[in-house]
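Participant: prediction below, plus the sequence it came from.
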Amino acid sequence: MVRERHTEHSVDRLCDAGVELYERALREDRVRHEDAANTPCLLDFGLLQPAVEDTQWLEPVAPAFALRRLLRSSEERITSERRREDRLVEMFQPLMRIDEGRTATPITPTLRMISGKERINQAITEAMAGASREVLTIQPRRGHTREGVEAAYAASAARDQDLLDRGGRIRTLYQHTLRHIPVIIAHHERLRGDVEARALDELTDRLIVIDRATAFIPADAEGTLALEIRHMAIVRYLATAFDRLWRLATPVFPQAVARPTRDGITPRQRAIATLLVEGHTDAVIADRLGMNIRTARVHIAKLAATLGSQSRAQLGYLIGQSGILDQER
C-alpha cells in the first residue's frame, strides 16, 4: 500500500488527517504508532507522545496542556521579535541622525498624522495586535455621548480581550462623571483578565499608550485627527505622566473605593472649590470637571450653603478660610 505523502504545515493549520487521528486518540486514549505514519505533524507538534509502558502505542497529550504550551511558545516568539525590534531601532537611530544632514526630504517615521475616525480606530487595532504587555488609556468626559461610548466599547471589546488573553493588562483613567455609566461598567465586567480602572476629577485629553512603545493622542477638538507617536522619549514621557495620574486616582473597578466627605464637603465640591478660588467661570469649571453647567451650578450652590456664603466673592474668601483645600495637599 502506497502511503499518501504528508504536506508540511503550521500547527494552526493542522491537516484533516491529523485532526481526525488526534480526535480518535482522545476518544480511545491511545492509537498504534503505525497509525500516525501519515500524520507526523502530531508528534512534531507534541499532540501525540509514545506510551511509557509500550512504545508501539501513542498517547494523546491533553488539549488544554498542549494549547498552553503552544501559546507560551508563541508569546516567547513575540517577545523575541520585540527585542529584535528594539535592537534594530537602537542600531539605526544614530545612523539616521547622520543621514538627516544629507537627506533632501526629511522623514519622521516616529510621528504619523491619521485622519478619520475609522482609520484612527484601525491604526489602534493594528498597534494592539502586536501588543503583549499593557495598554494605558485616559478617557475624559469631553466629547463623549452615551451613544459614542457604546460604539467605542463595541469596537474595542475584541481587541481588548485579545490582549488580555495574551497575558497583557489594561489600565484606564476616567473622569468621575463617567465612572457610573452602565455601558462602561458592563464593558469592564465582560473582560476577562487583568483590568483596572480609576477616576479623577480632572484629566488630560484622551491618551492611549500601547506597550510603552506606541501612543495615540487627539490632534483636533472633533476627534477626527490623531497623532500616532512611536518616538520612544515622547512615549516614555506620556507613560510616566499616566503613572503619576494613576497614583492620584480613586479605584472604581474591579472594586470601587468611596472618596471621603470631610466637614460636609464632598470630593466633587472640593474640586470645584479649587477652580473657584483660581477665578474660573461656571462654564470653565463644568468643562474641566466633565459635567454640564447646570450640574456645576448645583454643586456650587451646595458648597455655598455649606460654608454659609451669600455671594460669589464671599464664597472664595470662605473657601480660603475653611481650610478644605489644605486637606487635599
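Facilitator: Everything's here; your move. Residues are numbered from 1 along each chain as shown.

Participant: pLDDT averaged over stretch 9-20 - what is it?
Facilitator: Averaging pLDDT along stretch 9-20 gives 87.

Participant: quick one: that stretch to chain centroid distance?
Facilitator: From the chain centre to the centre of stretch 9-20 is a distance of 34 Å (CA atoms, centre = their mean, to the nearest Å).

Participant: same check on stretch 127-143?
Facilitator: Computed by CA atoms, centre = their mean, the chain-centroid distance of stretch 127-143 equals 4 Å.

Participant: likewise stretch 160-176?
Facilitator: Stretch 160-176 sits 4 Å away from the centroid of its parent chain (CA atoms, centre = their mean).

Participant: sort out which residues of that stretch are buried, please.
Facilitator: 160-161, 163-164, 166, 168, 170-176 (16 or more other CB atoms under 10 Å). Using the backbone N, CA and C atoms, a C-beta is placed for each residue, glycine as well.

Participant: pLDDT for these - can I get that in CSV?
Facilitator: Formatted as CSV, these follow (pLDDT from 0 to 100):
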residue, pLDDT
160, 90
161, 89
163, 90
164, 90
166, 89
168, 91
170, 93
171, 94
172, 91
173, 90
174, 87
175, 82
176, 75
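
Participant: may I ask which two of those are separated the most?
Facilitator: 166 and 176 (31.0 Å; CB to CB).

Participant: now do the SS call for residue 132.
Facilitator: coil (DSSP: H, G, I helix; E, B strand; the rest coil).

Participant: when you give positions from now on, start the count at 23
Facilitator: In the new count, where the first residue is 23, that last one comes out as residue 154.

Participant: so it touches residue 97, yeah?
Facilitator: Yes - in this structure, residue 154 is within contact of residue 97 by CB atoms under 8 Å, at 6.5 Å.

Participant: give me the common contacts of these two.
Facilitator: Residues touching both residue 154 and residue 97 (CB atoms under 8 Å, 6 or more residues apart in numbering) are 188, 189.

Participant: run a quick neighbour tally on residue 316.
Facilitator: 9 (other CB atoms under 10 Å).

Participant: check the gap between it and residue 307 for me.
Facilitator: 12 Å (CB to CB, to the nearest Å).

Participant: what do you get for residue 83?
Facilitator: Distance from residue 83 to residue 307, by CB to CB: 63 Å.

Participant: do residue 51 as well
Facilitator: For residue 51, the distance to residue 307 - CB to CB - is 70 Å.

Participant: can you show me the helices along this protein?
Facilitator: Under the criterion DSSP state H, the chain contains helices at 38-50, 63-66, 85-122, 139-151, 168-187, 204-212, 254-270, 289-299, 304-310, 315-329, 334-344.

Participant: average model confidence for stretch 264-282?
Facilitator: The model assigns stretch 264-282 a mean pLDDT of 81.

Participant: in that stretch, what's buried?
Facilitator: 264, 267, 268, 271, 274, 275.

Participant: any chance of the residues you listed in JSON lines, plus distance to residue 47?
Facilitator: Below are the buried residues of stretch 264-282 laid out as JSON lines (distance: CB to CB, whole Å):
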{"residue": "264", "distance to residue 47": "49"}
{"residue": "267", "distance to residue 47": "54"}
{"residue": "268", "distance to residue 47": "49"}
{"residue": "271", "distance to residue 47": "52"}
{"residue": "274", "distance to residue 47": "49"}
{"residue": "275", "distance to residue 47": "44"}
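
Participant: ok, so of those residues, who is nearest residue 253?
Facilitator: residue 264 (16.3 Å).

Participant: isn't the closest one up against residue 229?
Facilitator: Yes - between residue 264 and residue 229 a contact is recorded at 6.7 Å, counting by CB under 8 Å.
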